[in-house]
Every structure is written in C-alpha cells, then in structure tokens.
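*Asks:* pasting the sequence and the predicted coordinates here, then a few questions.
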Amino acid sequence: MKVSLNWVKQFIDFELPPIEELVQLVGARLGVVEQVINYGQSYQKVVIVRVETVQKHPNADRLNICFVNDGGVIDGVDRDANGLVQIVCGAANLREGMLAAWLPPGSIVPSTYYADQFSMETRELRGVVSNGMLASPKELAFSEDHEGILEVDIMAEPGSRLTDIYQLDDYVIDIENKMFTHRPDCFGQLGVAREIAGIMGRPFKSPDWYLDNTNVNNSAVNALPFELKNEIPGLVPRIVVAALGGTVIKPSPVIVQSYLQRVGIRPINNVVDVTNYIMMLTGQPLHAYDYDKVKALDGNDYATLTVRHPQNDETLSLLNGKTITPRSSSIIIASQTVAIGLGGVMGGADTEVGPDTKNILLECATFDMYSIRRTSMAHGLFSEAVSRFNKGQSPSQNGYIMQEAISMLQMQAGAVVDGKIQDFNQSTKSQPNDGVAITVDLINSRLGSQLDTAKIKHTLTNVEFAVDNQTENLLINPPFWRTDIHIAEDIIEEVGRLYGYDNLPVILPHREMRPVAANPMLAFKSTVRQIMAAQGANEVLTYSFVHGKLLDAVGQSRQNAFEISNALSPDLQYYRLTILPGLLEKVQPNLRAGYDRFVLFELGRTHMVNHSLDEQGLPEELHMFAAVLAQADKLAGPGAAYFELKHQLDSLAFQLGFKLTYTATEKLPDYNVTAPFDHDRSALVNVSGTDIFLGIIGEFKAGVRSKLKLPVHSAGFEIDTDALLKASQEGKTYRQVSKYPYVEQDICLRVPLKTNYQSVYDVVNEALVEQNNDQSTTTLAPLDIYQKDDYKQITLRYSIASLERTMTTAEVAVLLDSAASVAAAKLSAVRV
Amino acid sequence: MNYINTEIDHVAVVLRKRLKSLEPKSNIMKAVELKALADQLKSIPPHERPDFGRQLNELRNELMAQVNSQAQENSTLPPIDVTAPIDINVTKHPELLPSSNGSAHPLTVEIDRIVDIYARMGFSAVESRQLDDDFHMFTSLNFPEDHPARDEYDTFMTKQTDSKGSPLIAPAHTSVMQTRILKANKHLLETGQSIAYVVPGRIFRNEDLDARHEHTFHQLEGIYVAQNVTIGNLIAVLTTFFESYYGKTMEIKTNPFYFPFTEPSLEFSIACPFCDKAGCKICGEGWLEMLGCGMINPNVLQIAGIDPEKYNGFAWGGGIDRLVMIKDNIEDVRHFHSAKLDFLRQF
C-alpha cells in the first residue's frame, strides 16, 4: 500500500516528524514499511517558465525555437537581451504565453531518474542552440502522455519550482499489504492518515464529507432515466447509482494525475481518474459506465443496471481485453439483456468510459468479500478493486463517497447529477450494535500495562472510536469503517498497538520447577542420527513428494500414494510411499561427484492411501528410517553390499542395546516398502528375542538398479522407527566381567549348501549354552564361510572365561566336541 | 502383439524367434530385416507412409524393450545367505565407514539445539504432521472459508479428500498442531499449570524453486497458554531464546502484523547479531526478521475447548532453514534437500 505523505498531510493538523523517525514509528505501530521513496528528488531542478516567443526553426519543419522566461532563476545559461532563454521544441501544443516545465542544462530527465539517467545539456539542434528542453508529462513521469509538452495548469510565476506548484516534495512510503488484511480502511490514504495521527497520539478528524449523513441533492431534471435491479442482495447488500450528464472527457488536472501516479495508479481520463482518486483516498472502489452505451444495449429509452448471477454460458468482455465465461456464482452487473461487468472485480469493455462519453452511470457498491475472492481466484483476475473489496469495505460509506465523487466529477468533468440517485441498501451494520464492553483492568492485564482510563480513552478517540465511560467499565463504539472490531481482544490490540508495544513491560512468565514432558521419539531420532554419523553415514533430507516415475521405477503403485493436485512441478506429483526411493535417486549424482563409497540415511515420515486412518480420521503417518549403501563397482568389495549394510544396522542395534534377527523369505510380502528389493538377496528384520518386526534390508531388483543407475554394489534398508524406538526401550543385557583369562577355540563345520548360517550358529550356540552352568562369560563369533560347489564350511570362534576359575583348553575342547556332535545330529554337519 | 501391416508382422515373428538365441541381444536392432523395412518406407505411397512408419517404430520399441528386459534378467545376482554376517569365501569382514565421513544434517542438528533451549526454558516438544486437513490448517485457526488470509499460504492439496470431502493439505505452517496441543493439554490449566510447547516440523509451500525459495522447509512453532499472559511475556520469551541461541544480549523490535489466529499479531526482528545493527551482507540494514507471533485469538482457544475468559496465551512460528543459512553462510537453500555429499560432509 503506497502512501503519499503530502496526501496524508491534507488531513492532519500537525507536523510530521522527520522521515526516518516516522518510518520507524509506522513500522512499530502500523506495519512494516517496505520502501521509502523520496518522490521529489527527481524534480528538484525543474523550473516553471512562460513561453514568450515562438518562431519556426529555419532548418526543420517540425521544430520551433522559443524564448522562455524563467524569472532569471537559473545561472549559467545564455540569455538574450531580455534575459530570455532559447529552447528548441517540437511539441505541437507549444504556444506563446503558456506555462511549461523546463529541464535546464545540468538537470536529469525525471522519467530516467531511477534508471539510465539522461542528463540535459546545451546543444545544437539542426544548427540552433537549445538550452535543455521543455518536458512532456511522460518525461516528467506524470503519465504516459508524450503528445506534447506539459501544460502547467496552475497559475504560477515564471521561475517557480515545479515541485512547489505540484506538491512534489513528497515521500511515498510503501507499507506491507499483509498487515492490512483485516483493515479495509487502511487501503485508502485517509485510513493511513488517521492511523498516523493515532500512533503519534494526535486526535484525527475525518473530513466532513466522509461523516456527513445528508443525502445527495437529487436534481429535478430526469433526462437520463435508469433502472436499478438487485437480484442478489445477499452478496451485494448495498449499491448506490447516480446518472450524471454533461460530462466532458479530458485529462485530469496535472496535480490529480500526479497524486494518482505517486500511489501507483495510471491516469486515464478525468472520469476514470476521479473513481480511482476516491478509491485511493477511501479504499472504496467505484465504477463509471458510459450511460449511452448501457442504454443502447437494450434499445429502451432508459438504461438498466442489474445485479445478478451470470446466465448459462454467458460471456463477458473485460477491460483488460479478455473475454471470460464468468463462474456461475459470480456477481455480474448487466444491462437488461447483456452482462457488462464482473461486479467488484473488473468492468466490461462494452460500456467503458471513453473520449466520446457524454453521460455516465456512477456505481458505488458493496460486494461480498468472499465471493469477490473466489471469482478473482477462479479467473486469475487481480485488480485494485479486488484487493479492496476482498477485505470487506464498510457499506456505510457508500452514500458519503458517492457524494464526494459527484462533487469531484462536477469540478473536473463538468458532470451534473441528473434525476434521482438510487440507493439499494439492505446492509446490516458489521459492528456490534451495542458496542464492545471492556474494563480498564482487562486491557491492562493483557498488555501488562498500567494505563489509566483517560489514556485509554484518548488513544481510542484519537482514531475516532466513541468511548463511553462512567466508571472503569468502558463501552466502545468503533467508527463505521472499522469492520474488523468485534470483541474485547480487538480493542486490546488497538490500545496496545497505538500506545506502542515497545512501551510495554517485558517480563518472563513464571512456572513451577516441574520437568517438562519428554518426547522420546525426538530424542531417539537424535540418538540414531548421532550413531549413524559416527558409523560414517550421512544424514540427508529428501522431499516428501516424488515424481510418479520414481514410484514406477521402484515398482510401487501410484494408486497407493496421495496425489498432489496442484503441484507446480511434476517432480512433486505424489507423497512418497516410503523413504528409500528418494535416497536411491541421490546415489548416482553422488557417485558422479566422485564419492566412491557412502551410506545415506534419512529419518522421515511416509503416508499411504492404503493405510489406516488415525483417531482424528486422518491418514496415519509412519515414522520410517531408511538407508542406502553404495560403492562404485570399480572398487572391489569384501563380498556383497548386503553384508556391509547389515553390519551398519547390526552396529546401530548394538549401540541401542539389542540384537537383530534376519530372515530370508521365499517371496517378499507385497508391501510398498518391499517393492524395490530383490527377495533372493533381502531379509526381513526382527529384534532378536522379541516379537518386534522392524522392516527389510537387502539389495535391489536388477530393474530398479538399472532404472536408477545404481551400482551392483548397493543395498538398502527401510525400517519402522517406532518399532526401533520400542526395541531400544527394552534395556541392555549385561554380562559380568570375569577375573580369569579367556580361552579361545574355533569350530569349523561342513554343512550342505542349503543350510543357512543362522541355523548352524543357533545349534552350536544352544549346545554350548546348555552345557554351561551360567558361571562363565562367553562369545561365539563368525570367522569365515567357505563355500565350494556342493557344501560350505562355517568357522566360528568360541571364547569363554569362567567367573570362578581359570579354564583349561581341554575343558573347552570338550564343550566344542559336544556341540559338534549335536550339530552332526541336527544338521548333518561334519566337523573339519 | 500383432501388426496390421503383414510385412511388418512377418518380420516381427522372425525377429522374436531369432532374439531367443541371439547374443548379444542388442544385435537384433541391426537386423537386415529392419533395415529393409526402413528402406521400403521411401518407396511406398505417401499417404501410407505415416501408418507404416508408426508400426515400424512400434516394432523397434518392442524389440528394444525385450533387449532391455533380457539385459536386466542377466544382471540378476545369485541368491545369498541373508542370515550370515559375512559373504562366502571372503577374508575381510565388512567394516563401517570412517567416522570422519559421517554427518548429521545441519537442519536436524539445529532443530535439536533449538528444541533443547526451549526445553530448558520449560517447553515440551511435539513434531508437526506432514499431511493434514483443512480444519487444522485453516478453520481451527480462525481462517473463515474464502478469507483472503488463506491466499498467503500457497498450499499443496491432494486429490484424495478428508471425511468432509475437502482435499487433504500439505501443511504450510506448523500451526496445524495448535488445536491438537491445546486439546491434549487443557487439563494442565485446571491444575494451575501452563501449556508450553514447541513444534518443530517440515512444512510446504507451492513455490517455484530458486536459491532463496524452497517448497519444503522447516519451522518451529511455539505455544503458551496460562492465566493473565501478556504481550510482554511473549516478547520476553522470544528475546530470551535468541539471547541464549546467539549467546549475547539482544536488541529486538516488533511490527504489527496480521494473522487470523493471533490478535494482536506481530513480526519479531532482532538486531543483527553479526554486525550489531551496523548493516552487513546478512541483514542488509541491521535487523533480521525472525518470526511471526501474537496473542492467541480467543476463537482458537474456544475451538480447542479452552475458556478464553479464564485463560489466554501466545504463539509464534519462525523458519529454521534461514537461521542455519545465516549461521553457516549457506548461499543456496536448495542444498538442504539436495543430499549432496559435497554439502553434507561439511557438517
């Protein structure tokens, strides 16, 4: 929201502080100032001159030579005997006696001030010296008009500064719009002026016309009859329409154009400019229709404005040149037969006010803010009107604003009201009728302040709230434009903000010395990431959304995934079903970057359509933990990648205090999580000695490897973080430390190929445990697995230390012999 | 699959048969029959060409797909004994990677650190959801239907809907947890305790990516409800946090703001801790805008079943990614989700 401080000054009766101070104050008490523009700085050297003589340029048809009177204020230019300055000018509207804006040598063309500055100089044009030039409105950045030079339309002495004549020594501050989401009044200069007074502790008085309740004088003439019909009063609670005749379309006075331009509005013509000027002043958009064009559409002897929904397939040509089929529940302004405007969003092209317009229909309406927003979003139409109507302008102001607009139109376009002004009004007051009751105590307790009744009263009455106080019980009536004030908190906010949050005491809340509730999952994830990092793995974060092609590549079904309906990029088409595919995508780029061997892991959340709902009826969120190990195939590894990643997972489990069991399956269960895995080289993972199922670890299907360009030496796991946390809470098993030395002996068993390692280990281990009376501490660990064509040999190392005495090698040999014979019986194992 | 053009269909039959015994499979693409069909294309009548060409292409694609799938089957590895701790016939046992290669993600590390500071101040932590509904994203936070304030959040929505038929939403702020936390802890208020929670979480905005904009980032929400809570309490808590976080005393400022779920609403900025407000590359003009905050709107308390006449409180939310970027001088926000080891191994 751009605010011209000169415009603001028209409504206040005190001096504004220096700009830096004002900006700080506005920032702290109204909203962030995004930009401060020193509007006048580009005009400092522009001088008003009177054109005294004009004569043809001898060497150019289109150029003239003129002598101008600058009152002698500019030094260092050549003058004739009368002290006049010679300028060459090609403008058609150049004439003797006119006042013009002179850019003397050494000045910068204002329209080029902020980019590619163009500096004036004394130079010859076709053999005639020109001292700078006379400027067009475009060169002055007043409008797009480059037809001729600016005609200064205010009486001024030659030599006056342009800035003085047109109040250009101005600052424009741009306040962030977001702050005003609930403040329709602050979308006008008037509203911001009131706020500036309020935050400076000064009383503000709105201009009389904004508060005056008298009706506009209807004229007795009725040459421009019209009919107003409102079929949807629920969406358009108030609409005021006047017909004005005798309009002469021309450019607005320069000062009006200049003010519009300062706050970001392009001047168009005097009628449209008045509607925009009033909008920028009050926040209330207006619309002017060409009366005769509206009337001609129906062929009646009167014009009709109908407020209604569009009819089937009705189309509408808009001012921006586009033709739309308005959404069925949008608000349409129509003649009796034809749609002529998208109410509150954009006017129509058919009834636009143009150079030949004689008579106008002026509309000041209130449109439902939500409907305006929906229509604007549905058609991608954003206008100054939309950003005001969708904040909820007060319908109470329509009459006053209409009155002010009419008087401006009269002054600037010669327009005169014809006939009766029609006011369809079914609006209900948007503030509480009986005011907001609040106590001084409540205000102080919420603000932590000690403001007295008088201070609070002042703070609020400064911005035109009515405060009724008999005691400390206040009854507060907000002014009609404050459609945002409903409850006590609204009043507390006003007092705190206007008084200054920075003036309030800052004190920490007190609490009991009670430990705060723990979040085991957060702490656990932190532990897991630290362990994994210590194991050389790298934690990554990948997006929660994936491309459908990634799901396809790993064999997951798109049907199971939540699909994003409005993603800007196809990379974000689906919610990920599991974490691992996202990690697999990151393998190849890292290999290419020169990393030969790495483990990436992520602790994240996943969602699937085919999963249950939680107690709130929302899709259950799963905490998952996934990792991928990859090694460039050029490096020879110690066996399959599977065993390396398994070692990572086993080490993690060990750190967390438990052991894992890996189970091969004939066929992997058909889950999202198992999809990428090769069942011949994958295992389901359980926590040993419990019924806790964790997930899956393994290598990938050949197709997955080729589609994701994974090296052959790659493996991954995906496990349930909740289950992992549960397992970690079981507690470690401690072995007593022996005072006596360990005896170490190996046992090597030859078994058939189909016998797996775990069964051999379990048989040997159980046999050894059975023979031990628990008075020892032992380990049984793998040494190697040697496989030939038709058998394999598994070597295990047993170490044992008694808690009571030193054991002999002979004793230990007996234990192993006996284990070997159990293995022989159970597994047909041969000791070698 | 049959081809309408009899010649092409005939070639298809021949080549399929040949593919079974051919090695390497990819040589099938060089078959003379394919070349002959391609040559023929030039001589057939122009109006038949498009159809012929399309069928020829389909045949090529069919063969290529078979070659590829054969190649994949060939690269299928033999089964392994997954119960074993080591592979067969190897002398070296698997080893972990060097610890010095390992790293935790800078964002998760920072979240831990921030949560820890707040924990010491008396705030519990709960993580935010990553798929939610309209009620928690907007309605429970006092955003009316079609309110323009909803425009500030470019939410991702799913095709799937909630029980009310509205699309599910990828949360665009961690505030989705406010009502849940208030509901779950309101019993604390009755025993004279306060509700004090922080909510770290991953959030989503439907934005185009560039060095400064991400569609996925992290936020930390805070919520505090008790009796007679003041704006000064809010400012004190936030200032205290930043003083602990940066290890120095802090000058702060606030700007009024608008959020539907707090009233009043403020933006909270700190004087740049790196240049002491002198203005530098990080802050620009001396201030760093850190978060949005405010006193919880009574409607939000009411929706959660808390009597706003008796209790009130404050809430805030701020980005974490930016804190880390500022701290470590990270030039591109996209690095965080890039999984680039060049980036990760620096932490």
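*Replies:* All right, it came through fine.
*Asks:* get me the contact residues on the stretch 1-150 of chain A for chain B.
*Replies:* Contact residues (Cβ under 8 Å from any Cβ of the partner chain) of the stretch 1-150 of chain A with chain B: A:Gly27, A:Ala28, A:Arg29, A:Leu30, A:Gly31, A:Val32. All C-beta spots, glycine's among them, are computed from the backbone N, C-alpha and C.
*Asks:* in those, find the pair that's most separated.
*Replies:* The span of the residues of the stretch 1-150 of chain A next to chain B, defined through Cβ to Cβ, is set by A:Arg29 and A:Val32 at 11.2 Å.
*Asks:* what pLDDT does B:Glu73 get?
*Replies:* Confidence at B:Glu73, expressed as pLDDT, is 56.
*Asks:* contacting residues for residue 11?
*Replies:* Using chain A. By Cβ atoms under 8 Å, 6 or more residues apart in numbering or on different chains, the contact list for A:Phe11 reads A:Gln189, A:Leu190, A:Ala193, A:Arg194, A:Phe204, A:Ser206, A:Pro207.
*Asks:* hmm, I had chain B in mind actually
*Replies:* B:Val11 neighbours (Cβ under 8 Å, 6+ apart): B:Glu33, B:Leu34, B:Leu37, B:Leu59.
*Asks:* ok, the residues you listed vs chain A, which is closest?
*Replies:* Nearest to chain A among those: B:Leu59, at 22.7 Å, using Cβ to the nearest Cβ.
*Asks:* that closest one: neighbour count?
*Replies:* Neighbourhood size, B:Leu59 [other Cβ atoms under 10 Å in any protein chain shown]: 22.
*Asks:* repeat that for the one 5 residues further on.
*Replies:* Burial of B:Met64 is recorded as 13 neighbouring residues (other Cβ under 10 Å).
*Asks:* so it sits in a helix?
*Replies:* Yes. Under DSSP: H, G, I helix; E, B strand; the rest coil, B:Met64 sits within a helix.
*Asks:* got a PyMOL select line for the buried ones in the contacts of A:Phe11?
*Replies:* This is the PyMOL syntax for the buried subset of the contacts of A:Phe11, where burial follows 16 or more other Cβ atoms under 10 Å in any protein chain shown:
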select buried, chain A and resi 189+190+193+194+204+206
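*Asks:* before we move on, back to that, with respect to B:Val198, which of the residues of the stretch 1-150 of chain A next to chain B is nearest?
*Replies:* Proximity of the residues of the stretch 1-150 of chain A next to chain B to B:Val198 was ranked by Cβ to Cβ; the top entry is A:Val32 with 25.3 Å.
*Asks:* the closest one: neighbouring residues, count only.
*Replies:* Count around A:Val32 with other Cβ under 10 Å applied: 19.
*Asks:* any weak-confidence spans in the stretch 151-300 of chain A?
*Replies:* Applying pLDDT under 70 to the stretch 151-300 of chain A flags residues A:213-218.
*Asks:* in it, what residue lies closest to chain B?
*Replies:* Closest contact between the stretch 151-300 of chain A and chain B, by Cβ to the nearest Cβ, is at A:Thr181 (4.4 Å).
*Asks:* how close does the nearest residue to that residue once chain neighbours are set aside get to B:Ala196?
*Replies:* Leaving aside its chain neighbours, A:Thr181 sits nearest to B:Tyr258 (4.4 Å; criterion: Cβ to Cβ, 6 or more residues apart in numbering or on different chains). Distance, B:Tyr258 to B:Ala196, using Cβ to Cβ, to the nearest Å: 25 Å.
*Asks:* I figured the residue of the stretch 151-300 of chain A closest to chain B hits B:Arg150, correct?
*Replies:* No. Between A:Thr181 and B:Arg150 there is no contact under Cβ atoms under 8 Å: 10.1 Å.
*Asks:* all helices for the stretch 201-347 of chain B, in order.
*Replies:* B:231-246, B:298-303, B:321-328, B:341-344 (DSSP state H, counting those that start in this stretch).
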